[in-house]
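Visitor: return atomic coordinates for the entry below.
(2 chains)
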Amino acid sequence: MTTLTPAVSADDHAEGPADAPVTLVEYGDYECPYCGAAYPVVKAVQRAMGDRLRFVFRNFPITESHPHAGHAAEFAEAAARIGRFWEAHDLLYQHQDALDDASLISYGAKIGLDRSAVVAAFGGEQDDRIRRDFRGGLRSGVNGTPTFFINGRRYDGERDVQSMVDALNDAAR
Amino acid sequence: MSAEPAAAPPSALQPGQPAPDFTLPSTPDQQLSLSDLKGHPVILAFFPADWSPVCGDQMSLYNEVLPEFRRYGAQLVGISTDGVWCHAAFAEQRHLHFPLLADFEPKGEVARRYGVYRVHEGTSERALFVIDASGLIHWSFVSPVGLNPGADGILNALDTLVEAPQETGVHP
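Guide: From the prediction side, this is the model:
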C-alpha cells in the first residue's frame, strides 16, 4: 500500500493554507543526505506553488545510520511546542553538518527555545509524537527517506523542482 | 533440433505451505536453524547482496523497525548468497541488530528451496516470507529486485497473524 495513513490532520506540522488544493507530505530524517538535497528543492517548489500548496513534514529518523537524527527530530518537536517548528526545521537542514547536542542547544538559543526544553526533548519528552510519525510512515509504505506523498498518494517521480511542480499541478486539477 | 523449453521462472513458496527448514551460518562460528525460531513468527528477508544501495536501505530500514517487529514477537532474519565475512562487515558498518545468514555453500540452496533463486545472477530475489509460529508460510512477496519493498506488507501480515501486539514500540 502506498497511500498515506493516517491522513494529514491539524496535528501535523504544515506550511500553507489548510484548504490548499494540493498537499505535499515529506517523511524525512534531519541527518539524511538525500533529505538535505531535497530541502532546497521543496523550498523552491513552495515558492513556485504559493498558496496553492500545503507542505507537511513528518519524522522518519533512521537513527542507527544517522546518530544525530533522533536528537534533531526531538529538537524540532520541542520547538513546535513553542510554535517555532519551521524555524527549527530550517536551521537543521541548513546545518546538516553540525547536529551534535551542543549545536542543537545553540540553535535553540537562536529561536527562543531554552536549553532546559532541548535537554528535556533529548530525554524523550517528544518521542511519542516522533514514534507516531514513524509508524504511520511504515504503514504508508515509506521505504527510505525522503518519501513524498501528493494528496495522499506516494510520489515516486523525479525529485527536481519542475517535475514536482508538474506533479503537484496535476494533482491540484 | 528442438530448443530446450525455457526454464519456468522460479515461483516463490506460497501461503499455507510449510517453510522448509534450513541451517546456515550467521557468523563465522555460529549457525542458525529456522527450527530454532519455532514458536514465534519469523520474517525471512531474502535480498540480492550486501552493499548494493537498495539492499542497504532495505536492511537499514528493517533494522529501525525491529522494535515494531518485536511487538509481534517476530524474529527478523536476512539471507543472501554473500559469505559470512562479507555479512559481518556489512552488519558492522550498518549497525544491524538482526542475523544475516550466508546462503553461500551450496550457493543459494535455501533461496532455491523457497523458489526465489536467480540463476543468471547467482543471487536471490528480493523476497519476503512471514512464517507463523508453527512453521507455515503465512505471507510471501517478491519485490522487483531494484525496489525496496518497505515494511508495510510485513506489518500487515503480522497484523493478521498476531491478535494483539505488545504496546512497546519504535524508539526513535
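Visitor: and chain A, is the helix of greatest length in chain B touching that?
Guide: Longest helix in chain B, counting residues (DSSP state H): helix B:53-71. Yes - between helix B:53-71 and chain A, judged by C-beta under 8 Å from any C-beta of the partner chain, the touching residues are B:D57, B:Q58, B:S60, B:L61, B:N63, B:E64, B:V65, B:E68. Yep, even glycine has a C-beta here, placed from its N, CA and C like the rest.
Visitor: run a quick neighbour tally on the first one.
Guide: It stands for B:D57. Neighbourhood size, B:D57 [other C-beta atoms under 10 Å in any protein chain shown]: 19.
Visitor: give the buried residues for the longest helix of chain B.
Guide: Counting neighbours by 16 or more other C-beta atoms under 10 Å in any protein chain shown, one finds that the buried residues in helix B:53-71 are B:54-71.
Visitor: mind checking the pLDDT average for that helix?
Guide: For helix B:53-71, mean pLDDT rounds to 87.
Visitor: alpha carbons of the following helix or strand past that helix, as PDB, please.
Guide: Later in the chain than helix B:53-71, the nearest helix or strand by DSSP states H and E is strand B:75-80. The C-alpha trace of strand B:75-80 is given here as PDB (Å, rounded to 0.1, in the frame of the first residue of the first chain):
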ATOM      1  CA  GLN B  75      12.200 -12.500  14.600                       C
ATOM      2  CA  LEU B  76      13.700 -11.000  11.500                       C
ATOM      3  CA  VAL B  77      16.400 -12.900   9.600                       C
ATOM      4  CA  GLY B  78      18.200 -11.500   6.500                       C
ATOM      5  CA  ILE B  79      19.500 -14.000   3.900                       C
ATOM      6  CA  SER B  80      21.700 -13.500   0.900                       C
END
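Visitor: which helix or strand lies directly C-terminal to strand B:75-80?
Guide: Using DSSP H and E, the helix or strand that follows strand B:75-80 towards the C-terminus is helix B:84-94.
Visitor: how far out from the middle of the chain is the longest helix of chain B?
Guide: Helix B:53-71 has its C-alpha centroid displaced from the chain centroid by 11 Å (C-alpha atoms, centre = their mean, to the nearest Å).
Visitor: in chain A, which residue sits closest to chain B?
Guide: A:N143 (3.5 Å; C-beta to the nearest C-beta).
Visitor: how about the spatially most central residue of chain A, secondary structure?
Guide: Here the mean C-alpha position of chain A is nearest to the C-alpha of A:F57 (C-alpha atoms, centre = their mean), at a distance of 3.0 Å. Following DSSP: H, G, I helix; E, B strand; the rest coil, we place A:F57 in the strand state.
Visitor: can you give me the distance of it to A:T145?
Guide: As judged by C-beta to C-beta, to the nearest Å, A:F57 and A:T145 stand 11 Å apart.
Visitor: shared neighbours of those two, anything?
Guide: By C-beta atoms under 8 Å, 6 or more residues apart in numbering or on different chains, A:F57 and A:T145 have these common neighbours: A:G28.
Visitor: how about the residues of chain A that lie near chain B?
Guide: Those residues of chain A that sit near chain B, judged by C-beta under 8 Å from any C-beta, are A:1, A:59, A:61-65, A:70, A:73-74, A:127, A:130-131, A:134-135, A:138-144.
Visitor: sitting in strands, which of these do you find?
Guide: If you go by DSSP state E, these have A:N59 in strands.
Visitor: tell me, how many residues neighbour residue 118?
Guide: Let's take chain A. Residue crowding around A:V118 was assessed by other C-beta under 10 Å; the count is 23.
Visitor: my question was about chain B, not that one.
Guide: Other residues near B:R118 number 17, with proximity taken as other C-beta under 10 Å.
Visitor: great, nothing more from me.
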